[in-house]
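Student: okay, sequence plus prediction incoming.
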2 protein chains.
Amino acid sequence: MEKDARKLILVTNDDGFQAKGISYLTEIAKEFGEVVVVAPEKGQSGMSHSVSLNIPLFLKSHKSDNGHLLYSCSGTPADCVKLALHKVLKRKPDLIISGINHGSNASVSAIYSGTVAAAREGSMHGIPSIGFSLLNHSSDADFTASSHYVRIIIAKVFENGIPDHTCLNVNIPDLDLNEIVGIKICRQTKGKWIEEFDQRTNPSKQDYFWLTGQFSNMEPLAEDTDEWALFNNYVSIVPIEVDLTSYHVLNELKKWNF
Amino acid sequence: MEKDARKLILVTNDDGFQAKGISYLTEIAKEFGEVVVVAPEKGQSGMSHSVSLNIPLFLKSHKSDNGHLLYSCSGTPADCVKLALHKVLKRKPDLIISGINHGSNASVSAIYSGTVAAAREGSMHGIPSIGFSLLNHSSDADFTASSHYVRIIIAKVFENGIPDHTCLNVNIPDLDLNEIVGIKICRQTKGKWIEEFDQRTNPSKQDYFWLTGQFSNMEPLAEDTDEWALFNNYVSIVPIEVDLTSYHVLNELKKWNF
């Protein structure tokens, strides 16, 4: 797809404006239009869809050598999107992209993810929005193969749009380009984090706890899930809904006769 | 329903362990079984489903005069549930209840809500979980009418259970008991917050922004929505899904031919 200077693209993430993943995403975005980056000043992993109700937000403009506007924001990824839409961008953007996250946001990690929340916030304002994540937590992860698929997916979104109140949660396996099989449209895997807490005692004799744990896939054989796709070397795309209602349970509850 | 000493109930919230709403909820819970409270040490409104990945958690035991165990936790509502399940409770609880929140969590506020996230976290662990909210932000709100409906809904949940991977988001209008019409099972209203930022300058000449704004109901006439129910003096119950997948969009995406 050719660059279209009339297209305005907002880029954000949850790893902070200096993360490697967002610099890759920003460079790809510039192939498609005018780019403005508004991203957290510090890492905001696990911040989900939180917003700053009780603390003020600060916005800092940074010099970028590469022809895009760059701002860091003291708040969460969702704050970044809200502030960008209302105080930074001169008009509603044509696309919001978030990431590329350092680490998976598949299955229920989508719920805890600031990357996905930023995309969902965009979709709440009627803007096509995508969250991208690479299955590698390292700050120095290799985004080469990711870039190829990010480009393909952005082009498809510009071609087709995304239905209102929905965003895309894209996860990319940590593989070389020739090892990735293709793209698979999936549903969110049923799974959970089996948490453990690393309990320690500080010098003042107070106990404290570090959250840790591991992901447990409750349906490893389900071929229509994002975890299955990733395990089988596909890029996964899950459409994420703003409406949290469980419609099948809704009908069941109606039989309760309050 | 009679009190059953074998029932273990975890109580949490997002307004902090000293809020008025959680004291009401705790007293009601004690009518049903053994109660343990693990709630944030400070207000955590708007924290959504965030978890503390990069800071340690502290847990403090408090004296309670009323025969239940009471802990405050330095983290978010979702942290409270995780920590309670893994480090505080001697076994898996039979019910998790969160609230009573000071303020509405209807429509898309459910997404930003720590109260609802705590309930959703519970449902991810296979525990029947309910978030309760009263449509009154004041710290001194009157929870008398709420208490009546909280009691009814808890009894119904113990009677029927809640299907896996679903929790209930209950909102209660700020009315006297005789003004509330009844309980209505609803879907989440399509709506959004129309944000404005109150922009100010601090003594160091830095601009800063307070998030503010108002809710806009995109379907005020839809009688099956929670906002309609609340506006018409009903208590609303929306079943909330852990699975964020948009199934109707999923089928559409499959036609994109990647």
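Tutor: Okay, I see it. Everything numeric here is computed off the predicted structure, so don't read it as measured data. Numbers count the residues shown, from 1 in each chain, chains lettered A, B, ... in the order given.

Student: pretty sure A:F132 contacts A:S98?
Tutor: Yes. Between A:F132 and A:S98 there is a contact under CB atoms under 8 Å: 7.0 Å. In this view, the C-beta of every residue, glycine as well, is placed from N, C-alpha and C.

Student: between those two, which one's more packed in?
Tutor: Neighbour comparison, A:F132 and A:S98: the larger count goes to A:S98, with 36 against 32 (by other CB atoms under 10 Å in any protein chain shown).

Student: that one pairs with what?
Tutor: A:T12, A:G131 (DSSP bridges).

Student: please enumerate the helices of the stretch 101-250 of chain A.
Tutor: A:109-112, A:114-124, A:144-160, A:226-231, A:247-253 (DSSP state H, counting those that start in this stretch).

Student: JSON lines please, covering the ones you listed and showing distance to chain B, mean neighbour count and mean pLDDT.
Tutor: Listed next are these as JSON lines, based on distance: least, CB to the nearest CB, whole Å; neighbours: other CB atoms under 10 Å in any protein chain shown; pLDDT from 0 to 100:
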{"stretch": "helix A:109-112", "distance to chain B": "5", "mean neighbour count": "25", "mean pLDDT": "98"}
{"stretch": "helix A:114-124", "distance to chain B": "5", "mean neighbour count": "30", "mean pLDDT": "98"}
{"stretch": "helix A:144-160", "distance to chain B": "6", "mean neighbour count": "18", "mean pLDDT": "97"}
{"stretch": "helix A:226-231", "distance to chain B": "9", "mean neighbour count": "23", "mean pLDDT": "98"}
{"stretch": "helix A:247-253", "distance to chain B": "4", "mean neighbour count": "15", "mean pLDDT": "95"}
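
Student: in a markdown table: those, plus distance to B:E121.
Tutor: Below are the helices of the stretch 101-250 of chain A laid out as a markdown table (distance: least, CB to CB, whole Å):
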| stretch | distance to B:E121 |
| --- | --- |
| helix A:109-112 | 9 |
| helix A:114-124 | 16 |
| helix A:144-160 | 30 |
| helix A:226-231 | 20 |
| helix A:247-253 | 17 |
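
Student: out of the ones you listed, the one nearest A:Y208 is which?
Tutor: Closest approach to A:Y208 among these is made by helix A:109-112 (20.6 Å; CB to CB).

Student: ok, how many other residues are close to A:G33?
Tutor: Here the number of neighbours of A:G33 (other CB under 10 Å) works out to 19.

Student: give me the nearest residue to it, chain neighbours excluded.
Tutor: In space, and not counting its chain neighbours, A:G33 is closest to A:K7: 2.8 Å by CB to CB, 6 or more residues apart in numbering or on different chains.

Student: pLDDT wise, what is that neighbour at?
Tutor: Note on A:K7: pLDDT of 96.

Student: tell me the contacts of it?
Tutor: A:F32, A:G33, A:E34, A:D94, A:L95, A:F158 (CB atoms under 8 Å, 6 or more residues apart in numbering or on different chains).

Student: quick one: contacts for A:K20?
Tutor: A:H102, A:S139, A:D140, A:A141, A:F143.

Student: can you give me the distance of the fourth one to chain B?
Tutor: Right, A:A141. To chain B, A:A141 is 17 Å away according to CB to the nearest CB, to the nearest Å.

Student: next one: the first one
Tutor: Here the criterion is CB to the nearest CB. By it, A:H102 lies 12 Å from chain B.

Student: kindly report the same for the second one.
Tutor: When CB to the nearest CB is the yardstick, A:S139 and chain B sit 13 Å from each other.

Student: try A:R91
Tutor: Per CB to the nearest CB, A:R91 is found 16 Å from chain B.

Student: please apply the same query to A:Q214.
Tutor: Taken as CB to the nearest CB, the span from A:Q214 to chain B is 13 Å.

Student: what's the burial count for that residue?
Tutor: So A:Q214, with other CB under 10 Å, has 8 neighbours.

Student: cool, and A:E219?
Tutor: Residues near A:E219, counting by other CB under 10 Å, number 14.

Student: find the residue closest to A:T26 in space, skipping its chain neighbours.
Tutor: Nearest non-adjacent residue to A:T26, counting by CB to CB, 6+ apart: A:V11, 5.2 Å away.

Student: contacting residues for that neighbour?
Tutor: By CB under 8 Å, 6+ apart, the neighbours of A:V11 are A:I22, A:L25, A:T26, A:A29, A:V35, A:V36, A:V37, A:V38, A:A39, A:I96, A:I97, A:S98.

Student: list just the nearest of those to chain B.
Tutor: Nearest to chain B among the contacts of A:V11: A:V38, at 12.1 Å, using CB to the nearest CB.

Student: in a helix, the closest one, correct?
Tutor: No. Assigned with DSSP: H, G, I helix; E, B strand; the rest coil, A:V38 falls outside any helix and is strand.

Student: quick check: chain neighbours aside, which residue is closest to it?
Tutor: Closest residue to A:V38 apart from its sequence neighbours, by CB to CB, 6+ apart: A:A84 at 4.0 Å.

Student: any idea how far that neighbour lies from chain B?
Tutor: Applying CB to the nearest CB, the value for A:A84 to chain B is 11 Å.

Student: okay, strands next: where are they in the stretch 51-200 of chain A?
Tutor: Per DSSP state E, counting those that start in this stretch, the stretch 51-200 of chain A carries strands over the ranges A:59-62, A:69-73, A:95-102, A:129-134, A:166-172, A:182-185, A:191-201.

Student: what is the mean pLDDT for the fourth one?
Tutor: Mean per-residue pLDDT for strand A:129-134: 98.

Student: keeping just the C-alphas, turn that strand into PDB.
Tutor: Presented in PDB, the C-alpha positions along strand A:129-134 are these (Å, rounded to 0.1, in the frame of the first residue of the first chain):
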ATOM      1  CA  SER A 129      -7.100   0.100  16.500                       C
ATOM      2  CA  ILE A 130      -4.700  -2.800  16.700                       C
ATOM      3  CA  GLY A 131      -2.500  -4.100  19.500                       C
ATOM      4  CA  PHE A 132       0.700  -6.000  18.400                       C
ATOM      5  CA  SER A 133       2.800  -8.200  20.700                       C
ATOM      6  CA  LEU A 134       5.800 -10.400  20.100                       C
END
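
Student: neighbouring contacts of it?
Tutor: Taking CB under 8 Å, 6+ apart as the rule, strand A:129-134 contacts A:21, A:25, A:95-106, A:113, A:115-116, A:118-123, A:141, A:143, A:146, A:150, A:153-154, A:157, A:162, A:167-172, A:174.

Student: pull the distance from that strand to the chain's centre.
Tutor: Put simply, strand A:129-134 sits 4 Å off its chain's centre (CA atoms, centre = their mean, to the nearest Å).

Student: now the angle from that strand to helix A:114-124?
Tutor: 170 degrees (axes from the mean of the first three to the mean of the last three CA atoms, to 10 degrees).

Student: swap in the longest one?
Tutor: Put simply, strand A:191-201 runs at 130 degrees to helix A:114-124, going by the same axes, to 10 degrees.

Student: with the third one instead?
Tutor: Here the directions of strand A:95-102 and helix A:114-124 differ by 170 degrees (the same axes, to 10 degrees).

Student: A:M47: what's it in contact with?
Tutor: Residues near A:M47 by CB under 8 Å, 6+ apart: A:D14, A:T76, A:P77, A:G114, A:A117, B:S48, B:S50.

Student: now it, nearest residue through space, not along the chain?
Tutor: That would be A:G114: by CB to CB, 6+ apart, it lies 4.1 Å from A:M47.

Student: now chain A, which segments are flagged as low pLDDT?
Tutor: Residue ranges of chain A with pLDDT under 70: A:1-2, A:5.

Student: switch the cut-off to 80
Tutor: For chain A, the stretches flagged by pLDDT under 80 are A:1-5, A:65-66.

Student: picking that back up, B:I237: which of the contacts of A:M47 is nearest?
Tutor: The nearest member of those to B:I237, counting by CB to CB, is B:S48 at 20.5 Å.
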